[in-house]
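Asker: show me how the following folds:
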Amino acid sequence: MHAPELISSAREKLGLTQAEVARQCGLNSNEYRDIESYKEEILTNVSLAKMKDICSVLKLDISSLLATLDLKDQLASDVPSHDRALPRHLLIKKYREKRSASQSDVADAIGYEDEAVRLGETDEKFLDTLPINVINDWSKYIGLPLELMLGV
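Answerer: As a prediction, the model looks like this:
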């Protein structure tokens with residue numbers, strides 16, 4: 001089952017309408033309808049924070065939902081445990097530096113401004129404002145498993 005179908009199925013099992021879920025997640029009905037209709041919407045137009053909100057309302061495990069999106073990922077088990085214990089923003093900076101990439105290099109690779117990369121390396125919550133596909137591109141570029149970038 002694909003992510004939009006999982007979301008729709010979970011909503012129906014809870015007896016909620018699309019409008020009710022949208023309201024609880026701070027989305028308008030059209031935005032939420034698109035999430036249930038198009039996988040690309042989940043990847044490109046919805047922030048990680050909103051996906052976490054949707055999963056919370058629908059009692060879905062976000063890791064399971066993300067697994068249906070066919071995102072290529074390294075295994076987090078490949079990352080040393082002392083690295084996995086670091087706060088996400090510090091881990092991101094460490095892996096960028098390990099790759100000998102500048103913040104500008106990363107920004108170019110993900111199609112964002114340098115400021116976005118700086119915020120991602122200094123603000124624990126900043127990544128939650130980005131769409132999943134941007135986080136995935138960033139993850140691939142610096143060689144850090146997506147699940148660690150997502151903090152899930």
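Asker: how about Glu41, what does it touch?
Answerer: 4, 34-35 (Cβ atoms under 8 Å, 6 or more residues apart in numbering). C-beta coordinates here come from the backbone N, C-alpha and C atoms, glycine included.
Asker: and Leu66, how far from Glu31?
Answerer: 19 Å (Cβ to Cβ, to the nearest Å).
Asker: cool, Leu58 as well?
Answerer: 15 Å.
Asker: now do Glu20
Answerer: From Glu20 over to Glu31 the distance is 14 Å, taken as Cβ to Cβ.
Asker: now swap in Met1 and tell me
Answerer: Met1 is 22 Å from Glu31, by Cβ to Cβ.
Asker: who has more neighbours out of these two?
Answerer: Glu31 (15 against 9; other Cβ atoms under 10 Å).
Asker: I figured the more buried one hits Ala19, correct?
Answerer: No - judged on Cβ atoms under 8 Å, Glu31 makes no contact with Ala19 at a distance of 11.3 Å.
Asker: residue ranges with poor pLDDT in the chain?
Answerer: Under the criterion pLDDT under 70, the flagged ranges of the chain are 72-77.
Asker: so which residues of the protein form helices?
Answerer: Assigned by DSSP state H, the helices in the chain fall at 3-13, 18-25, 29-37, 39-44, 48-58, 62-67, 81-84, 88-98, 103-110, 114-122, 132-142, 146-150.
Asker: show me this protein divided up by domain.
Answerer: 3-67, 76-150 (automatic domain parsing).
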